[in-house]
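**Student:** sequence first, then the predicted structure, then my questions.
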Amino acid sequence: MDISERSKEGLQLMPSSRATYRSSHLNGISSHLPFLKLQKTDIYSSPTIGLRKIMKKIYLVIALASLLAPATAQQVKLDEKATVTIHSSKENLDRTIYVQLPKNHGNENKSYPVIILFDAQDRSLFNLTSSVIDRLSWTNDIPEAIFVGVVQNNRSRELNFEQSEQTSSIFLDFVKNELLGYIGKNYKSNGYTTLIGHSLGGQFVTNAILSYPDVFNSAISISGAMNYPNKRNIVASKVIEKAASFLSERASSNLRRQKYYFSSGDDGFQDSGFKFGALKMDSLFSSGQQKSMDWKFELLQGYNHMTTPLLSIPAGLTFVYRDWHIPESQAMDVLLYHKQNPVSVLRDKQFQIAKSYGAAIALPKSALFQFAEYSLSREKITDAEIQAKSILEKYPNDEESYSLMASICIKKGDTVNAIKNYEKAQAKSAPGKYHQQLKSLKKQNAVTGMP
């Protein structure tokens, strides 16, 4: 079965405006949370108590909205695409690689996971994946990541392990050694790698995580060409056979569990055949209590070979990073119901991330700030300071980090360090932004005789 060559033109999907999202998000929160609606008794039971209740509820609505939406007005999280050339020594040829870094890649003391897409010469597939990563990292459904697109020189020889095992294995060696080596040397990667492939690319990424489980942590296979069924739809596949052996041999593996999302459509010529390979893979994973891989399979009804990426790219990424994501229900337990301590929530989440991914993946920036501000508003000064120090360590070039620490110093009565932190915030912000705070604090110190 021949798989059509990729188109070189396509539409780039762009997220909607940040302002529109935040406005609609904030307006809709109270309607979904009836306990936040203001009651007459809030106002008339006592003017002072009533006002406090109103202000408290307003604060909580705003706090939750700020946590669930990103903290800044700029929603674009990925920088512009850069093109680099990497020489493949075993293939003796140069390869074109596209790289998109998180916008603050050089300004933050944190490292990032890597997401690698194959068939990046397909402009529409690359742009779709880029926009999905951009959007999901903006909404805190996945962490910010280094996005890498690999342009295929000869996709049948490079990606088709079933029919071109030798050349496909050589290309896989390039990805494992030279591509990942280049990324690790030149960018702030944390070593956690996700592979994304469509069609032959889906077959390739599946073979990759089965071949090198200690290198490739997760994979998303979309309409993967796992099999070339005959007229009786009998599945014959090297990759499926390798998966069966892999699951059997690693039934009690001590290695960290990989994550594998795979999908198939049920419409059109290609996926009507490929779905049998996907269903066979699903049956292998479903047949036993294997401990080597977290997996999810989706049969997308009504989708064909070229439309499955529209659903599977976001679904696959959110599946891979579900242990990183802070659910809205947990945020509500902290900010609205006061059931959980924010420091404990963040500590437990960081432990879960380390256990699940084995890499230092930073928590959502907006959650760190909002939880710290929440602690400060509840007079939990020590908790707020613990969180603020963690924020400063990761975001030393962010004015808000120093502004937050200044607010904590004020609560502690430490105006000297409050001034120092506001001055640092001012140095990293628009002229005069913190002028009033600095003027007020310096005047206060002059009255009390402080330096």
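**Tutor:** Now that the structure is in, tell me what you want to look at.

**Student:** in stretch 173-185, what's buried?
**Tutor:** Asp173, Phe174, Val175, Lys176, Glu178, Leu179, Leu180, Tyr182, Ile183 (16 or more other CB atoms under 10 Å). (C-beta placed from N, C-alpha, C; glycine too.)

**Student:** centroid-nearest residue for the chain?
**Tutor:** Ile142 (2.0 Å; CA atoms, centre = their mean).

**Student:** where along the stretch 301-450 of the chain do the helices fall?
**Tutor:** 308-320, 328-335, 342-357, 365-377, 381-394, 399-412, 415-427, 435-448 (DSSP state H, counting those that start in this stretch).

**Student:** pipe the ones you listed into a markdown table and attach mean neighbour count and distance to Ser245 per row.
**Tutor:** What follows is the helices of the stretch 301-450 of the chain, written out as a markdown table (neighbours: other CB atoms under 10 Å; distance: least, CB to CB, whole Å):
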| stretch | mean neighbour count | distance to Ser245 |
| --- | --- | --- |
| helix 308-320 | 22 | 24 |
| helix 328-335 | 18 | 39 |
| helix 342-357 | 16 | 25 |
| helix 365-377 | 22 | 41 |
| helix 381-394 | 18 | 42 |
| helix 399-412 | 21 | 50 |
| helix 415-427 | 19 | 57 |
| helix 435-448 | 13 | 65 |
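
**Student:** okay, Ile54: pLDDT?
**Tutor:** pLDDT recorded at Ile54 is 53.

**Student:** Leu404 now?
**Tutor:** Value listed for Leu404 in the pLDDT field: 96.

**Student:** swap in Arg22?
**Tutor:** For Arg22, pLDDT reads 30.

**Student:** could you shift the numbering so residue one becomes 575, and keep it that way?
**Tutor:** That works, and once the first residue is 575, the last one we named lands at Arg596.

**Student:** redo the helices of the stretch 875-1024 of the chain as a markdown table? Include distance to Val722.
**Tutor:** Formatted as a markdown table, these follow (distance: least, CB to CB, whole Å):
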| stretch | distance to Val722 |
| --- | --- |
| helix 882-894 | 14 |
| helix 902-909 | 30 |
| helix 916-931 | 18 |
| helix 939-951 | 23 |
| helix 955-968 | 23 |
| helix 973-986 | 29 |
| helix 989-1001 | 35 |
| helix 1009-1022 | 43 |
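
**Student:** any idea how far apart the tips of stretch 799-816 sit?
**Tutor:** Length of stretch 799-816, first residue to last, CA to CA, to the nearest Å: 15 Å.

**Student:** got a pLDDT number for Ala651?
**Tutor:** In this structure residue 651 is Lys, not Ala. According to the per-residue confidence, Lys651 scores 75 in pLDDT.

**Student:** residues near it, how many?
**Tutor:** Residues lying near Lys651 (other CB atoms under 10 Å) number 23.

**Student:** the residue nearest to it when sequence neighbours are not counted sits in which helix or strand?
**Tutor:** Nearest residue to Lys651 in three dimensions, chain neighbours excluded: Ser711, at 4.5 Å (CB to CB, 6 or more residues apart in numbering). Element membership of Ser711, judged by DSSP states H and E, is helix 697-712.

**Student:** now for that helix, which elements pack on it?
**Tutor:** Identification of packing neighbours for helix 697-712 by 3 or more CB pairs under 8 Å, 6 or more residues apart in numbering; DSSP states H and E yields strand 667-674, strand 686-692, strand 720-724, helix 882-894.

**Student:** only C-alpha atoms, please: export it in PDB.
**Tutor:** The C-alpha trace of helix 697-712 is given here as PDB (Å, rounded to 0.1, in the frame of the first residue of the first chain):
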ATOM      1  CA  ARG A 697       4.100  22.400   6.300                       C
ATOM      2  CA  SER A 698       0.500  21.900   7.500                       C
ATOM      3  CA  LEU A 699       1.400  19.100   9.900                       C
ATOM      4  CA  PHE A 700       4.300  21.100  11.400                       C
ATOM      5  CA  ASN A 701       2.200  24.300  11.800                       C
ATOM      6  CA  LEU A 702      -0.600  22.300  13.300                       C
ATOM      7  CA  THR A 703       1.700  20.700  15.900                       C
ATOM      8  CA  SER A 704       3.400  24.000  16.600                       C
ATOM      9  CA  SER A 705       0.100  25.700  17.300                       C
ATOM     10  CA  VAL A 706      -1.200  22.900  19.500                       C
ATOM     11  CA  ILE A 707       2.000  23.000  21.600                       C
ATOM     12  CA  ASP A 708       1.700  26.800  21.800                       C
ATOM     13  CA  ARG A 709      -1.900  26.600  22.900                       C
ATOM     14  CA  LEU A 710      -1.600  23.800  25.400                       C
ATOM     15  CA  SER A 711       1.400  25.300  27.000                       C
ATOM     16  CA  TRP A 712      -0.400  28.600  27.300                       C
END
